[in-house]
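J.: turn this into a model:
(one chain, ligands or ions: 2)
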Amino acid sequence: MNMEATIAVLPGDGIGPEVTDAAIRVLDAVTQMYGHRVTYTRHLIGGCSIEAHTTALTDEALEACARADAVLLGAVGGPKWDDPNAPVRPEQGLLALRKGLGVFGNLRPVKPYPALMNASPLRPELLRGVDLIVVRELTGGLYFGQPKGRFVEGGKTRAVDTLEYHEDEIERIMTLAFRLAEGRRKKVTSVDKANVLESSRLWRSIATETAKKHPEVTLHHMLVDTASMRLITSPADFDVVVTENMFGDILTDEASVLAGSMGMLPSASLGAGTVGLYEPIHGSAPDIAGKGIANPIGTILSVAMMLRYSFQLEREARAIETAVHRTILDGCRTKDLGGRMGTQEMTTEIISRLIMVRGIQYGDEVAVRMDEWRAGAL
Ligand code: IPM
Ligand code: MG
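T.: Numbers count the residues shown, from 1 in each chain. Ligands and ions are numbered 1, 2, ... in the order given. The predicted structure is shown next:
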């Protein structure tokens, strides 16, 4: 079945434009190969939007994203906008986008490639068999709770953030986690801080309630401090990890160490009946921005997730994943992985393996067509 889609692209700041360009090249290649048609609209978010419009995300950009069939995002932020007293911050754009689209479930899969085990500081025997996915609640919790802000009282400043969850918010993220677990190793670890936080105690009881509706899945509760330790000492024990927004943010940076580099990890943010948002988990990496050396894999794998979750194109998603895997197996490495390849060079290698993957799966006739395509496109 051929698909026609409009994708809203928000490259953002720092290395965002470089990695989204790379991912679009891969998406163009795969859609062309399988006969799909994709058009792009481009919008500002983060620091570049603050420069142009004095806000980190305009209403027009948000509306364009909501109208699109999927959204691809690079990264936001940078030292230029890091003043803690600044009235607007690039990150506000990202939070407004997530909230505005209603993408409450952020999926962050972590499955280290055996060929990259020595890129991780962890011993290979700890990494063997690691295949986990963090389901991070994305539109509630500490990031969004009200009141939030700085208040001056009696000449003294007070700052407040609020950690609040409604049972419906917990239930829908739990349901997403359990559904995912049903298609995997059938194990959900719900991470909270129920020994201290009231919101975590509600989280825990709703996790237990939801588990009753999914009898084939085993539920474990784990405190977030324990989880942060176990992610390093026994990461292979995890299957689906479901957790609060801020806990999920912290644990996924930690989990990226298992994969050898932050640059490797993709994410998909999904909601009910809304457009999906796809972004790498890494930030804008201002130190290497503009140098053409960023690892594009996190964003390229995010595009694979887009094909899978927004367009139900499993075959195309796997083609990208297989091509990335082959590229790694063949020894191609960007700087973060100890190699010398630049962003575009790595992308070209991945695209050429995409062609091989297609050729292998669909026989000679297709391989010939691929040769023609390759001659024109690379
Ligand atoms: C992430 C990032 C963002 C977050 C920042 C940039 C606001 O760290 O996507 O993990 O905290 O959600
Ligand atoms: Mg983060």
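
J.: which parts of the stretch 251-378 of the chain are strands?
T.: Counting by DSSP state E, counting those that start in this stretch, the stretch 251-378 of the chain has strands at residues 268-270, 276-278.

J.: so what are the sheet partners of the last one and their directions?
T.: Looking back up the chat, that one is strand 276-278. strand 70-75 (parallel), strand 268-270 (antiparallel) (DSSP bridges).

J.: is the longest one positioned near ligand 1?
T.: No - contact between strand 70-75 and ligand 1 is absent, the nearest approach being 7.3 Å (criterion: C-beta under 6 Å from any ligand atom). (Each C-beta comes from the backbone N, C-alpha and C, glycine too.)

J.: how far does that strand sit from its chain's centre?
T.: Offset of strand 70-75 from its chain centre (C-alpha atoms, centre = their mean, to the nearest Å): 9 Å.

J.: which residues touch that strand?
T.: For strand 70-75, the external contacting residues (C-beta atoms under 8 Å, 6 or more residues apart in numbering) are 5, 7-20, 23-24, 45-46, 65, 94, 97, 101, 275-280, 282-285, 299, 302-303, 306, 310-311.

J.: 7 Å instead, please
T.: 5, 7-17, 19-20, 23, 45, 65, 275-279, 282-284, 299, 303, 306, 310 (C-beta atoms under 7 Å, 6 or more residues apart in numbering).

J.: near ligand 1 too, which of the residues you listed?
T.: Of those, the ones that also sit near ligand 1 (C-beta under 6 Å from any ligand atom) are G283.

J.: mind checking which of the contacts of strand 70-75 are in helices?
T.: Among those, DSSP state H puts 16-17, 19-20, 23, 65, 299, 303, 306 in helices.

J.: find the helix or strand that V134 is a member of.
T.: strand 132-137 (DSSP states H and E).

J.: can you give me the buried ones in that strand?
T.: 132-137 (16 or more other C-beta atoms under 10 Å).

J.: which residues sit in contact with the nearest residue to D21 once chain neighbours are set aside?
T.: Counting by C-beta to C-beta, 6 or more residues apart in numbering, D21 lies nearest to P11, which is 7.5 Å off, once chain neighbours are set aside. Contact partners of P11, counting by C-beta under 7 Å, 6+ apart, are 17, 20, 74.

J.: ok, and the most crowded of those residues?
T.: With neighbours taken as other C-beta atoms under 10 Å, the top of those is G74, carrying 29 neighbours.

J.: how close does that one get to I24?
T.: Distance of G74 to I24, computed by C-beta to C-beta, to the nearest Å: 11 Å.

J.: would you confirm that K335 contacts I293?
T.: Yes - if you go by C-beta atoms under 7 Å, K335 and I293 touch, sitting 4.9 Å apart.

J.: which one of these two has more residues nearby?
T.: Per other C-beta under 10 Å, whichever of K335 and I293 has more neighbours is I293, with 20 against 17.

J.: quick one on the thing from earlier: which one of the ones in helices among the contacts of strand 70-75 is nearest ligand 1?
T.: Closest approach to ligand 1 among the ones in helices among the contacts of strand 70-75 (C-beta to the nearest ligand atom): G16, at 10.8 Å.

J.: count the residues that sit near the closest one.
T.: As a burial measure, G16 scores 31 neighbours (other C-beta under 10 Å).
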